[in-house]
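K.L.:
Take this sequence and fold it.
(chains A and B)
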Amino acid sequence: MFNIIFRGLATGAIYSLTATGIVLILSTTNVMNFAQGDTGMLLAYVAFLFIARRVPPILTLPVVVIAGILLGLVVDRGLMSKAKKSSHLGMVMITLAFTMIFEGIVATFFGNTPLLFPPLISGDPFIIGSTVFDRQNLLTIFIALVIFVVLFFVLYRTKIGIAARSIADDEYGAYVLGVPINRITNFIWALSFGVAGIAGLVTAPRLSLEPTFMVVVQLKAFIAAVLGGMNSVMGAILGGLILGVLENFIAYYIPAIKDSFSLILVVLILLFLPNGIFGKRETRRF
Amino acid sequence: MLKLINVSAGYGPIEVLHGISIDFGTDKIVAVLGANGAGKSTLVKTISGVVKPTKGSIIFNDIDITGKDPSELAKLGIVHVPEGRHIFPNLTVKENLLMGGYFRDKKENEEMLSFVFELFPILKERENQSAGTLSGGEAQMLAIGRGLMGKPKLILLDEPSLGLAPKVISEIFHVIKKLSDEQGLNVLLVEQNAKKALDIADSAYVLVLGKVVLSGRTDELKENEEVKKLYLGGSHV
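P.N.:
From the prediction side, this is the model:
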């Protein structure tokens, strides 16, 4: 029982990380970023380059964060902020294109064969009673918690974070006040891509490194975001954790619908709770 | 102060303003009156840089500001309080206010915050409440207060009385008048409520279909037969 919950929370933490990235971008720029998962994939390969040169896996954490931030800045400044002028749908298509480009780049340089990604932390699991605490899972949950705290600090306690929330609320209102919209969306892309890198890095050791290893995570994160109402960071976090735990229970008790469960769930949510499980659409965005 | 010389502007191929000229001169409060669709909001948006003029020029304190963006103009001291208020419902009242002073430093913001709270004590009471829970009048006070946070020299108020009870309107107009008298704030007041606007403004312009058809001192305009009939008539005050 506790084993299932614990493993579910670890899986859920990954969904939550990816889902928060999606929601951050969606609520400030109205762009559904289909490349959130694959950005993490690309950055996990960047980490792999370092690990292959005998850098301890855990030390690649700052590497993926910095690489993610830089990538986010380049993507927004070089492409998204320019595409904004022409068409909104175009921006969404660009993110779809990124999934193919990122997967293509990785396949070209590393091939399609799965590579083994070492755990970020090694050692035997802790066992308390009948519950097994795998170190990698513990670390995943811990890192996710730290990131969530940082995100909330940024969004609620810093000027740029509050400005990002104001844009999510009413972009025109922020614009006429002279809030520099472009600089703030730039910041949000960088922040989201940094989080994407972390999601990729904690997922890679659980699966194996291959160009499509984050595709399922992207899908699940999307469902987690829907669960959380699509516009709230808190919703995305809880949505991811709930999805992770539910999934693990289903896999244990009703293994037959293990894979289809999350899709069934999304249909049910959209049918009965179209604004997510956390209430009304306009009440909370972050 | 502010001077518009023959300004035309619009949205894409549709021109809304046709050669508008406005001069503040030494006036503190200038009202712009007109019916729905006269181009009042477009005029405000053109001055604040949301809409770019296609012809003419806009001069603010001897600087040519034609075509500048809102973020540059806000720094120069022109703040736009938009129609419909556009407050941020999920941010607290205080966070809303801080966004008005986004480009000011922390010390200036703290000073302005206590100034705004003094001006609208109700906002102080609701400081940590999310702005979505405010009443219409409170929301309008927040919108104006938020605009003041940017330390403007000129504030553009677009329909501040919209949807508010007469008592609240009087309260807000009283504050506007007080700000201009005591702080020397210049105000461009766009209103459908012509009577109230003429009461506090120094001069006024009447807009019809994107053109200035009438302008002058408010005391003169109040006596003007056409203005009386069209804007001050008993039916819609």
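K.L.:
Any idea how many residues pack against residue 28?
P.N.:
Defaulting to chain A. Counted with other Cβ atoms under 10 Å in any protein chain shown, the neighbours of A:Thr28 add up to 27. (Each C-beta comes from the backbone N, C-alpha and C, glycine too.)
K.L.:
not quite, I wanted chain B
P.N.:
By other Cβ under 10 Å, neighbour count at B:Lys28 equals 19.
K.L.:
How much space separates it from A:Asn137?
P.N.:
The gap separating B:Lys28 from A:Asn137 is 67 Å, by Cβ to Cβ, to the nearest Å.
K.L.:
all helices for the chain, in order.
P.N.:
Unless you meant another one, I'm taking chain A. Counting by DSSP state H, residue ranges of the helices within chain A are A:2-29, A:36-52, A:60-75, A:81-83, A:88-110, A:135-157, A:159-169, A:171-176, A:181-203, A:215-227, A:233-253, A:261-272.
K.L.:
wait, chain B
P.N.:
Counting by DSSP H, the helices of chain B are B:40-48, B:70-76, B:93-100, B:106-119, B:121-125, B:136-148, B:166-183, B:194-200, B:218-223, B:225-230.
K.L.:
Quick one: mean pLDDT over the longest one.
P.N.:
What it means is helix B:166-183. Helix B:166-183 carries an average pLDDT of 95.
K.L.:
same for it, what does it pack against?
P.N.:
Here helix B:166-183 touches strand B:29-34, helix B:136-148, strand B:186-191, helix B:194-200, going by 3 or more Cβ pairs under 8 Å, 6 or more residues apart in numbering or on different chains; DSSP states H and E.
K.L.:
and the angle from it to strand B:29-34?
P.N.:
140 degrees (axes from the mean of the first three to the mean of the last three Cα atoms, to 10 degrees).
K.L.:
hmm, who's touching helix B:166-183?
P.N.:
Residues outside helix B:166-183 that contact it (Cβ atoms under 8 Å, 6 or more residues apart in numbering or on different chains): B:28-29, B:119-120, B:136-137, B:140-141, B:144, B:148, B:155, B:157, B:160-161, B:164, B:185-187, B:189, B:193, B:196, B:199-200.
K.L.:
Show me the shaky parts of chain A.
P.N.:
A:279-286 (pLDDT under 70).
K.L.:
What residue in it comes nearest to chain B?
P.N.:
A:Gly178 (2.7 Å; Cβ to the nearest Cβ).
K.L.:
residue contacts, that residue?
P.N.:
B:Pro70, B:Ser71, B:Glu72, B:Leu73, B:Ala74, B:Lys75, B:Val79, B:Tyr102, B:Phe103, B:Gly150.
K.L.:
residue contacts, the nearest residue to it once chain neighbours are set aside?
P.N.:
Excluding the flanking residues, the one nearest A:Gly178 by Cβ to Cβ, 6 or more residues apart in numbering or on different chains is B:Ala74, at 2.7 Å. Taking Cβ under 8 Å, 6+ apart, we find B:Ala74 in contact with A:Leu177, A:Gly178, B:Phe103, B:Gly150, B:Pro152.
K.L.:
isn't the first one right up against B:Arg146?
P.N.:
What it means is A:Leu177. Yes - contact criterion Cβ atoms under 8 Å: A:Leu177 and B:Arg146 qualify, at 6.8 Å.
K.L.:
Show me which residues of chain B sit near chain A.
P.N.:
Counting by Cβ under 8 Å from any Cβ of the partner chain, chain B comes close to chain A at B:48, B:50, B:70-75, B:79-82, B:85-91, B:95-96, B:98-100, B:102-103, B:132, B:146-147, B:150.
K.L.:
And these, which of them are buried?
P.N.:
The neighbour-count test (16 or more other Cβ atoms under 10 Å in any protein chain shown) marks B:48, B:50, B:70-71, B:73-74, B:79-82, B:85-91, B:95-96, B:98-100, B:102-103, B:132, B:146-147, B:150 as buried among those.
K.L.:
how about chain A, which residue sits the furthest from its center?
P.N.:
A:Gly129 (32.4 Å; Cα atoms, centre = their mean).
K.L.:
Tell me the backbone dihedrals of that residue, please.
P.N.:
Dihedral pair for A:Gly129: phi 60, psi -130, per degrees, to the nearest 10.
K.L.:
Identify the residue nearest it in space, chain neighbours excluded?
P.N.:
A:Phe2 is the one closest to A:Gly129 (Cβ to Cβ, 6+ apart), at 7.7 Å.
K.L.:
just to revisit the earlier point, of the helices of chain B, which shows the lowest average pLDDT?
P.N.:
Among the helices of chain B, helix B:225-230 scores lowest, with a mean of 81.
K.L.:
Just the C-alphas of that one, formatted as PDB.
P.N.:
Output of helix B:225-230 as PDB, limited to C-alpha atoms (Å, rounded to 0.1, in the frame of the first residue of the first chain):
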ATOM      1  CA  GLU B 225     -27.200  74.900 -26.700                       C
ATOM      2  CA  GLU B 226     -25.900  72.000 -28.700                       C
ATOM      3  CA  VAL B 227     -24.000  70.500 -25.800                       C
ATOM      4  CA  LYS B 228     -26.900  71.000 -23.500                       C
ATOM      5  CA  LYS B 229     -29.200  69.200 -25.900                       C
ATOM      6  CA  LEU B 230     -26.900  66.400 -26.800                       C
END
